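Chemist: Need a 3D model of the following:
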Amino acid sequence: MSLESDLEVLLNDVHVNTWRQFQSVKANASQVWGLKANLAKTWKTPGEPAFVSELLSTQALYELRRLIVSDPSFSHFTGKPIVSGCFIHQKPKVAYGPVANPVEIELGDLLLVRHHFTFGQAVPQGRAFLLQAKAANTPRTGKLSADEIEQFDLYDGWTKKFIFPTGEIAKPGLPTDWDFSGGSQIPVDQTGIYGVVFNDQLPFKAGRKTRSAFRNGCIWGIGSRDAGDFSSAPKSVEASNRSLGESLAKFIRGSFGRTWTSATPLPGDDWSLFIQKMLANAVDWEYPIQRLEKIGEKRLKRLLAFKTLAPVIPYAITHAFRSSFYDSDKAPFRTFIKWADSLESVGSPDVPRKKPDDKPFPRGGMSTLYIATFGDSSLPNPE
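Modeler: Purely as a prediction, here's the structure:
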């Protein structure tokens, strides 16, 4: 089987597991959690948050990492990949339009981030995209609700400038609003996509034609601007042309997702700045410092010194540690060491310890799936 097919099977397995957990919770709602039985009876489906959160479960991440390593295309990479994720139920909201009466909507349900560290190059390559999930019984959404239409308009070329009204993701300097349409990172059309997930249970019931509508029988279909999947009258999304498994395979290989830089973003590159802030807010920066003596203080300090060139390096290092339950010999971290050793003229071990009373980094972020690989060659350009 191809990586695309394997990922489609994984997505379907995760969907089945989501329903299994939902049914268990519903069946035990009154006995275990003391909820009213009549309330539990009103629960019809797991809902979009559950479908998304299960994609980030330990079991799903473990299987995703196994599929990446077993794919023939992984021969272009070296060492062990890092696969990590975190689920945050409270999704960030953005606001745009008149100050007196702004439109407030969710930015997205899931942020997918790709890092590739090329030996001999100090700044890793990046790919990323936002996924807005919608549960439906067919991959064609039909007419969108008022809030969904606003999200539709936001994703339409990202020409609308917006702010985070709660201030959880602050932008330094002026202007204070975010503009994802600018900068040199391409393609803008792959900044965000709609993911339509099958709302019912698998297997499909006899006599139902829904299965053929979802591409390759995968319960996640996607619609994006570059494929012409958005209809303006009435506003709707057609997600039967591609499966999420197909796009994930391209994302892993580096040919799907909008580029972003790990270096200090140039003026106007709000997309890269946003990705960096999301990763910075998602990591416990004290964690790698506390492990200095166990791993080797000089080497880890040298790795952390690269944050002057790539501010999000500490995030990747931390998750190389946290991936150790997949490999007892901490293979992802050893690959990091190899990458650092290939850059003899860059970085310095003279990085002071962080003082306990340092001001903590601000919180605020969104559910994130993170994949990092290493290799001698660069990723291909996005298609």
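Chemist: Stretch 71-89: which residues count as buried?
Modeler: Neighbour counts over stretch 71-89 (16 or more other Cβ atoms under 10 Å) mark 71, 74, 77-85, 87-88 as buried. From N, CA and C alone the C-beta is placed, and that goes for glycine too.
Chemist: Over to stretch 266-278?
Modeler: Buried residues in stretch 266-278 (16+ other Cβ under 10 Å): 269-278.
Chemist: Dump the buried residues of stretch 71-89 to JSON lines, plus pLDDT.
Modeler: What follows is those, written out as JSON lines (pLDDT from 0 to 100):
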{"residue": "D71", "pLDDT": "90"}
{"residue": "F74", "pLDDT": "83"}
{"residue": "F77", "pLDDT": "88"}
{"residue": "T78", "pLDDT": "86"}
{"residue": "G79", "pLDDT": "82"}
{"residue": "K80", "pLDDT": "84"}
{"residue": "P81", "pLDDT": "90"}
{"residue": "I82", "pLDDT": "91"}
{"residue": "V83", "pLDDT": "92"}
{"residue": "S84", "pLDDT": "89"}
{"residue": "G85", "pLDDT": "86"}
{"residue": "F87", "pLDDT": "83"}
{"residue": "I88", "pLDDT": "81"}
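Chemist: Can you say which two of those are spatially most distant?
Modeler: T78 and I88 (32.0 Å; Cβ to Cβ).
Chemist: okay but A331 is in contact with K80, surely?
Modeler: Yes: between A331 and K80 there is a contact under Cβ atoms under 8 Å: 3.9 Å.
Chemist: where do the strands sit along the stretch 51-200 of the chain?
Modeler: Taking DSSP state E, counting those that start in this stretch to define them, one finds strands in the stretch 51-200 of the chain at 82-86, 93-96, 103-106, 110-118, 125-136, 192-198.
Chemist: right, and these - which one's nearest I149?
Modeler: strand 103-106 (9.6 Å).
Chemist: tell me the mean pLDDT for the closest one?
Modeler: Confidence over strand 103-106 (mean pLDDT, whole number) is 91.
Chemist: quick revisit: closest to K338 out of the buried residues of stretch 71-89?
Modeler: G79 (6.6 Å).
Chemist: Quick one: residues contacting that closest one.
Modeler: When contacts are counted by Cβ atoms under 8 Å, 6 or more residues apart in numbering, G79 touches 331-332, 334-335, 338, 374.
Chemist: next one: L202
Modeler: 12, 15-16, 19, 219.
Chemist: Output the below-cut-off pLDDT ranges for the stretch 251-383 of the chain.
Modeler: 283-297, 323-329, 344-364 (pLDDT under 70).
Chemist: at 80 what do you get?
Modeler: Counting by pLDDT under 80, the ranges of the stretch 251-383 of the chain that qualify are 281-302, 304, 318, 321-331, 344-365, 383.
Chemist: show me where it has helices.
Modeler: Ranges of helices in the stretch 251-383 of the chain, per DSSP state H, counting those that start in this stretch, are 270-281, 286-290, 292-295, 297-305, 313-322, 331-341.
Chemist: what do you get for the stretch 51-200 of the chain?
Modeler: Counting by DSSP H, counting those that start in this stretch, the helices of the stretch 51-200 of the chain are 58-70, 146-155.
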